[in-house]
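Engineer: What follows is a predicted protein model with its sequence.
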Amino acid sequence: MIFIILERILAHTSFFLLFLITLIFWGKTIYTRNEKLDHFGKKGMVIAYSCVTGFLLNRWIYSGHLPLSNLYESSMFLSWSFSLIHIILEVRSPNFWLGTITAPSAMLTHAFATLGIPKEMQQSAVLVPALQSNWLMMHVSMMMLSYATLLLGSLLAIAFLCISFERNTDFPVYYYDTKPSILSFLRRDIHSSNREKKGSYLQKKFCLLSIDYRRWRLTQQLDHWSYRIIGLGFPLLTIGILSGAVWANEAWGSYWSWDPKETWALITWLIFAIYLHTRMNRGWQGRKSAIVASLGFLIIWICYLGVNSLGRGLHSYGWLI
């Protein structure tokens, strides 16, 4: 009984912290130089990560197996993975925009687990015979870590597309529309020697160039980190699929059965293989590679949730049925 009470406390505490951290990191987009928000965001993410870790360990102790046997446990593990990736990246290379993507991702997956899944599906149950294997830890943990990593890299690519689209449509139009007025303003300035207007013009021009440069630099960072994070998630996905094949042979007598889950996992692998191939060998950068990564974001959710919602195949037990 005490384990269940502790589990609920840790689950609700971590959700509240992740919700608060999401607000803090989104607030940083407005007050970027606020050191207090930055401090609270970093410390809060560490505390939230510790709470989710405590939740998983507590469930592991009283259930007797790694908490990855159903949709509720895997969603909590996915939230834990987002928090872990955030902490690692924050230590390695602090970025003020990182938490605006990782914190909502961890919060939303946590919310789906605690609020979107029925209570009866959140209960821990005895593992079916096929899951009573040491491969459960290797295969499922690698798959969930790869999902979290690839989803984060894909979200960075989507953010790149949104920001670059806004920059390429708004700014050129603004420059072209104002060119005649700028020329006429300069003529008036030459004839009237109005220093105040000239100073105002230079200040506005500098401000526009500064904003444009910051957006350009942000898109470069998003593209760079998207590539690096997906490059980390792809080997994890490969290990997860290979370990799953070995486990399938042990449990079902075949390495590959073209089960819906296996098929979509292969499609996911191919999409990100294409992404990495075009980046490394074809020199794709920017929008082209970001579009491929964005497609991968959709494919992952189909593989993780869409296939299981059908309730068919060898991987259907313990999820949405």
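Structural biologist: It's in.
Engineer: Kindly state the domain boundaries assigned to the chain.
Structural biologist: Split into domains by the TED database, the chain comes to 1-123, 133-168+197-320.
Engineer: residues contacting the spatially most central residue of the chain?
Structural biologist: Among the residues of the chain, Leu152 comes closest to the average C-alpha position under Cα atoms, centre = their mean, at 2.5 Å. Counting by Cβ atoms under 8 Å, 6 or more residues apart in numbering, Leu152 makes contact with 82, 85, 101-102, 105, 229, 233. Bear in mind the C-beta positions are built from the backbone N, C-alpha and C, glycine included.
Engineer: still on that earlier bit, okay, the domains of the chain in JSON lines with mean pLDDT next?
Structural biologist: As requested, the domains of the chain are exported to JSON lines (pLDDT from 0 to 100):
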{"stretch": "domain 1-123", "mean pLDDT": "85"}
{"stretch": "domain 133-168+197-320", "mean pLDDT": "80"}
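Engineer: What's the separation between Thr114 and Cys51?
Structural biologist: Plainly put, Thr114 is 12 Å away from Cys51 if you go by Cβ to Cβ, to the nearest Å.
Engineer: Look at the two and report which has more neighbours.
Structural biologist: Cys51 (22 against 19; other Cβ atoms under 10 Å).
Engineer: Can you classify the more buried one by secondary structure?
Structural biologist: Secondary structure assignment for Cys51 (DSSP: H, G, I helix; E, B strand; the rest coil): helix.
Engineer: With the one 4 residues further on instead?
Structural biologist: Of the three states, Phe55 takes helix according to three-state DSSP.
Engineer: List the contacts of the closest residue to it other than its chain neighbours.
Structural biologist: Spatial nearest neighbour of Phe55, chain neighbours left out: Leu10 (4.1 Å); criterion: Cβ to Cβ, 6 or more residues apart in numbering. By Cβ under 8 Å, 6+ apart, Leu10 lies in contact with 51-52, 54-55, 58.
Engineer: at 7 Å what do you get?
Structural biologist: 51, 54-55, 58 (Cβ atoms under 7 Å, 6 or more residues apart in numbering).
Engineer: Please indicate which of those are buried?
Structural biologist: 51, 54-55, 58 (16 or more other Cβ atoms under 10 Å).
Engineer: Could you check which helix or strand contains the residue nearest to Phe55?
Structural biologist: Secondary structure assignment for Leu10, by DSSP states H and E: helix 2-28.
Engineer: Right, I'll call it a day here.
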